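In: With the sequence up front, the predicted model follows.
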Amino acid sequence: MTHILQFLVAQAPGLEEPTLDRHFVQRIGESFGGGGAVTPALLVIAAGVLVFCALLIILVRMRRKIQAGRERQEPPIGWLMDRPSIMEVMENALMHRFKVELSFHQQDERRRAVACALLEVSPESMLLELPAGIQPGASWVGRHVDGFFQIGKGPATQSRKIFYHFTSEIAAVPRARKQAAVLSVAIPDKIVLSQKRAFLRMAPPSSAIPVFEILPHDDATLAHCLSWFLPPPEEDGKQPSPPPRLPSLGRFAIKDISGGGARVEARIADKESLQRLNLVAGTSCYVALELLAERPRRYVLAATVRRVFRDTGGVQELGLEFTSRLKGRDQGTGLPSWKALKGKGEESIESWVVKKYLEVYREKGVEPTA
């Protein structure tokens, strides 16, 4: 018994000695040290990753440079940037004696504009006659101005209106001619198809918009709109089913259209058609719209009536503002999904309007007949 106790005392650890097995700790350290060693394979992999990242960065930068170069070479839709086209437009405006609304360039949209007569056009500048009572001074030279003008006088003269905007600089203030003061404004670097209003509007050919229907704002109508907007896929060997009939409030003639809304006319023949239409300012409705393009575009838009005018001849004119666009059905719920326009208009409709302007300009000149 005494020998056993002496053996246990000899094996007991001291107060300052660790209780872990030293060999065990050493083996753990060796394992971690061996696992962290840098091998040739790891070096090759790291180098490959670095080369791949460098190539990716170079490719992205090259692509951005190519895109930037294309943007510099190809002006946006609706911009005239070559001098011959700009001079042609200005000379047409001079020939038809159209006014230019001129205002000092600033961010405030409430700026005051004055109507100026276009007197002369030269390769470097245009001469504008100011209204009576306005006397420009030497301090005007070098200031930037915005100009708005149109070519064409509308349906009354069987010509469509085309609106232009430019920003330029006052080059000189020549001596007054007779009673009126004049300004010399530099020929701008670009002219843009644009109006003073928020969206570019145009009176389209009737064939360009095969479908334009104003519909009641209710759930039953929305179901018809969804069937029209999302037709079933065509089956091989079968004729496509005819589009569903939309519950239109009447027949409308489009006076003009933009990305933000439309102005339409309806002829009221009797009391029944007047009661069926029954649209007043502030009324909500749906608009089914199809635009003719390479691939016809269909839209279902929520709209609000902003203006109503009825003349004695039984013609009612409506001003509509587009407030949201139907995108389709939500994949999760199956309910209609909408995109709110928030006063900014529908960009794709606006692009279509600008392209139609360009077609009119290229095919029939700046003053096309209707």
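Out: Okay, I see it.
In: From here on, just use CA atoms for contacts and neighbour counts.
Out: Noted.
In: So which residues of the stretch 201-350 of the chain form strands?
Out: In the stretch 201-350 of the chain, the strands defined using DSSP state E, counting those that start in this stretch lie at 211-215, 253-257, 261-267, 284-291, 297-310, 315-329, 336-340.
In: Kindly reformat these as a markdown table containing distance to Leu50, mean neighbour count and mean pLDDT.
Out: As requested, the strands of the stretch 201-350 of the chain are arranged in a markdown table below (distance: least, C-alpha to C-alpha, whole Å; neighbours: other C-alpha atoms under 10 Å; pLDDT from 0 to 100):
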| stretch | distance to Leu50 | mean neighbour count | mean pLDDT |
| --- | --- | --- | --- |
| strand 211-215 | 57 | 20 | 89 |
| strand 253-257 | 54 | 18 | 86 |
| strand 261-267 | 53 | 20 | 85 |
| strand 284-291 | 50 | 20 | 91 |
| strand 297-310 | 47 | 19 | 87 |
| strand 315-329 | 43 | 20 | 88 |
| strand 336-340 | 43 | 15 | 90 |
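In: who wins for proximity to Ala223 among those strands?
Out: With C-alpha to C-alpha, the closest approach to Ala223 among the strands of the stretch 201-350 of the chain belongs to strand 336-340: 9.3 Å.
In: Partner strands of the closest one and their direction?
Out: strand 315-329 (antiparallel) (DSSP bridges).
In: Dump the partner strand to CSV, restricted to CA.
Out: Taking Å, rounded to 0.1, in the frame of the first residue of the first chain, the C-alpha atoms of strand 315-329 are listed here in CSV:
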residue,chain,number,x,y,z
VAL,A,315,-67.8,67.5,-80.4
GLN,A,316,-66.3,66.7,-77.0
GLU,A,317,-62.5,67.1,-76.4
LEU,A,318,-60.7,65.3,-73.6
GLY,A,319,-57.3,65.9,-72.2
LEU,A,320,-55.9,62.7,-70.6
GLU,A,321,-52.9,62.2,-68.3
PHE,A,322,-51.3,58.7,-68.1
THR,A,323,-50.7,57.8,-64.5
SER,A,324,-49.6,54.2,-64.6
ARG,A,325,-48.9,51.3,-67.0
LEU,A,326,-49.9,47.7,-66.7
LYS,A,327,-46.9,45.4,-66.7
GLY,A,328,-48.7,42.1,-66.6
ARG,A,329,-49.6,39.6,-63.8
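In: got the angle for that strand vs strand 261-267?
Out: Strand 315-329 and strand 261-267 are oriented at 130 degrees to each other (axes from the mean of the first three to the mean of the last three C-alpha atoms, to 10 degrees).
In: And the contacts of strand 315-329?
Out: Under the contact criterion C-alpha atoms under 8 Å, 6 or more residues apart in numbering, strand 315-329 has outside partners 226, 229-230, 259-268, 299-310, 335-343, 345-346.
In: Identify the structural domains in the chain and state their residue ranges.
Out: Following automatic domain parsing, the chain resolves into domains at 80-193, 206-231+246-364.
In: quick one on the thing from earlier: could you dump the strands of the stretch 201-350 of the chain into TSV and include distance to Val353?
Out: Output for the strands of the stretch 201-350 of the chain, formatted as TSV (distance: least, C-alpha to C-alpha, whole Å):
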stretch	distance to Val353
strand 211-215	15
strand 253-257	8
strand 261-267	12
strand 284-291	10
strand 297-310	13
strand 315-329	15
strand 336-340	20
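In: can I get the domains of the chain in TSV with distance to Leu56?
Out: What follows is the domains of the chain, written out as TSV (distance: least, C-alpha to C-alpha, whole Å):
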stretch	distance to Leu56
domain 80-193	35
domain 206-231+246-364	33
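In: now the helices: where do they sit in the stretch 101-250 of the chain?
Out: Here the stretch 101-250 of the chain has its helices, by DSSP state H, counting those that start in this stretch, at 219-229.
In: what comes up buried for the strand or helix carrying Gly48?
Out: Counting by DSSP states H and E, the element that carries Gly48 is helix 40-73. By 16 or more other C-alpha atoms under 10 Å, helix 40-73 has no buried positions at all.
In: give the contact list for the residue lying closest to Ser324 once chain neighbours are set aside.
Out: Using C-alpha to C-alpha, 6 or more residues apart in numbering and skipping residues adjacent in sequence, the residue nearest Ser324 is Ala340, 4.3 Å away. Going by C-alpha under 8 Å, 6+ apart, Ala340 touches 323-325.
In: Ile209: which of the residues you listed is nearest?
Out: Arg325 (17.4 Å).
In: list the contacts for the closest residue to the closest one other than its chain neighbours?
Out: Using C-alpha to C-alpha, 6+ apart and skipping residues adjacent in sequence, the residue nearest Arg325 is Leu301, 4.5 Å away. Taking C-alpha under 8 Å, 6+ apart, we find Leu301 in contact with 286-289, 322-326.
In: which SS state does Glu88 fall under?
Out: Following DSSP: H, G, I helix; E, B strand; the rest coil, the label given to Glu88 is helix.
In: Done for today, thanks.
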